[in-house]
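**Q** With the input below, show me the fold.
(one chain, ligands or ions: 1)
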Amino acid sequence: MSKVTSTHEIVIVGGGIYGTSLAYELASRGRDVLLLEGGEIAGGASGGPGERGVRANNRDIRELPVVSLSIDRWQVFQEQFEGGVGYRRVGGLQVFDLPYGHREHEIRGRMEAKAAIQSALGTPSKILSRDEVFALEPEMSRSIVGAMYCPNDGVGDHTFATRQFAKAAEAAGATIRTMAKVSALLADRGRIRAVRLVDGEEIGVGDKLFVLSNVGAPKLLAEHVGQGALPPTWNLMPQMMYVTNPENHVIKHLVSHAHRRLAIKQLPDGTIMLSGGVSVSHKDGRVDTGSLSATAINLTDSIMTFPFLDRSEFVQVDATRVDTNALDDIPIIDRPQHLPNLYYGYAWSGHGFAISLGFTKLFADWAETGDKPADLEPFSPSRFTLSPRVSVQPSRLALTA
Ligand SMILES: Cc1cc2nc3c(=O)[nH]c(=O)nc-3n(C[C@H](O)[C@H](O)[C@H](O)COP(=O)(O)OP(=O)(O)OC[C@H]3O[C@@H](n4cnc5c(N)ncnc54)[C@H](O)[C@@H]3O)c2cc1C
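**A** This is a model prediction of the structure:
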């Protein structure tokens, strides 16, 4: 006897920013959508304290068209949704100094090339002089020699945004079930027909299935896509630090550094969030809260950028949220040829929040038209395999061995 309790046209697995914003997008286009979340909405990488950077600056060139679409949409939803989506367009500054052994023309040349390419691909970017940087951020270290300025970059309250999209999806007619963990995808005659929950309940997939469960995605996909066809990925748990601002200085922008792993932002309550640095190791079932070495490196880099931070005190150190990573730091997005109603995306590589609304718009367009949007092409897992048209010459290989 079939255990299928209900069937929905579109089933989405995962209640992070990807699942909820896609559920909203498809439900508002009139589709019958069910979202299944194994825990609570925003219980994964899309939840937790503080804010996420919403930046287009310093991304892989292949992401630029999608991220500029996404950033436009952050602004649109901020204005459209009652209560907004927690997005603030504060502008981004990626500062640079001169690391030992480097010359200013090398650093500046690279930054100028990046600014030109980013601007051409939809992200206005400009190199600022030292004085222009200090005019924008007076507390900045005097060792800074310039910065890339991206006025459209900003920050977002990720937990709030994810919950707002879930709420809007329900208002648009989607059904959301939490504590509904999917244990298997059930395929039959070249299509995914149903998903099975951990308690054995089966839910029919009327038309399309989206697997957007981040850390939970590879396991669900492996049986159907084939372990060999899924590129290797790994999990990272970025560490976030929150410190006081005893002298009430203001950091207006989302600040990063060209040579240090750093992201600094001031939260609406005045707390300063230091992130972007070293991650904490993650193993299934284990949750770490902070690491002394990761803290030390990240703090030093922060103080080198804003010296007044040396007089701050800790509020919180948090390392409880996990993201998936791909070798080239861009996501893996596909629809397998042998299962054309299965769509998936993961491996956002630590910067998936900012770009999410671009990807979910493109996912929805793809589902609606059947044609893969050209901007999604670079994210196919086939990029990790040698094209059959490339013939590798053994003599060349020998030279590099
Ligand atoms: C600490 C940290 C800081 C970050 N900072 C930034 C930043 O500054 N800027 C930026 O752009 N990005 C940032 N990112 C990345 C960004 O937050 C993530 O890429 C993004 O939130 C991923 O969204 P998601 O919906 O794919 O995943 P998630 O939010 O992880 O959602 C996936 C959901 O799927 C559920 N799930 C898993 N398996 C199953 C299953 N079998 N059945 C049902 N449900 C399942 C999980 O419970 C989870 O809720 C950061 C990530 C972390 C962890």
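
**Q** How many residues are close by Ala222?
**A** Ala222 has 13 neighbours, counted by other C-beta atoms under 10 Å. C-betas here are computed from N, CA, C, even on glycine.

**Q** For my notes, confirm it occurs in a strand.
**A** No - looking at Ala222 with DSSP: H, G, I helix; E, B strand; the rest coil, it is helix, so not inside a strand.

**Q** per-domain residue ranges of the protein.
**A** 4-48+159-232+326-384, 91-152+235-324 (automatic domain parsing).

**Q** and Gly84, which of those is closest to it?
**A** Minimum separation from Gly84 across these (C-beta to C-beta) falls at domain 4-48+159-232+326-384, 7.5 Å.

**Q** Just the mean pLDDT for the closest one, thanks.
**A** On average, the pLDDT along domain 4-48+159-232+326-384 is 97.

**Q** Mind checking if that domain is in reach of the ligand?
**A** Yes - using C-beta under 6 Å from any ligand atom, domain 4-48+159-232+326-384 reaches the ligand at 13-19, 36-39, 43-46, 181-182, 212-214, 216, 220, 348, 350-354.

**Q** Now the buried members of those.
**A** 13-19, 36-38, 43-46, 182, 212-214, 216, 220, 348, 350-354 (16 or more other C-beta atoms under 10 Å).

**Q** Could you identify which of the domains of the chain is most buried?
**A** For those, average neighbour numbers computed from mean count of other C-beta atoms under 10 Å are highest in domain 4-48+159-232+326-384, which has a mean of 20.

**Q** and the residue in the stretch 201-350 of the chain positioned nearest to the ligand, what does it touch?
**A** Nearest to the ligand, among the residues of the stretch 201-350 of the chain, is Gly216, at 2.1 Å (C-beta to the nearest ligand atom). The contact partners of Gly216, by C-beta atoms under 8 Å, 6 or more residues apart in numbering, come to 13-14, 38, 182.

**Q** any idea of the mean pLDDT in the strand or helix carrying Phe77?
**A** Element membership for Phe77, per DSSP states H and E: helix 64-80. Per-residue pLDDT over helix 64-80 has a mean of 98.

**Q** Partner strands of the very next helix or strand once past it, with direction?
**A** Using DSSP H and E, the helix or strand that directly follows helix 64-80 along the chain is strand 87-88. Counting by DSSP bridges, the strands paired with strand 87-88 are strand 154-156 (antiparallel).

**Q** Centre of the chain to the partner strand, how far?
**A** Put simply, strand 154-156 sits 12 Å off its chain's centre (C-alpha atoms, centre = their mean, to the nearest Å).

**Q** Say whether the ligand is contacted by it.
**A** No - Strand 154-156 does not reach the ligand (C-beta under 6 Å from any ligand atom); its nearest approach is 7.9 Å.

**Q** Please tabulate the domains of the chain in TSV, including the columns distance to Ala56.
**A** Formatted as TSV, the domains of the chain follow (distance: least, C-beta to C-beta, whole Å):
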stretch	distance to Ala56
domain 4-48+159-232+326-384	7
domain 91-152+235-324	4
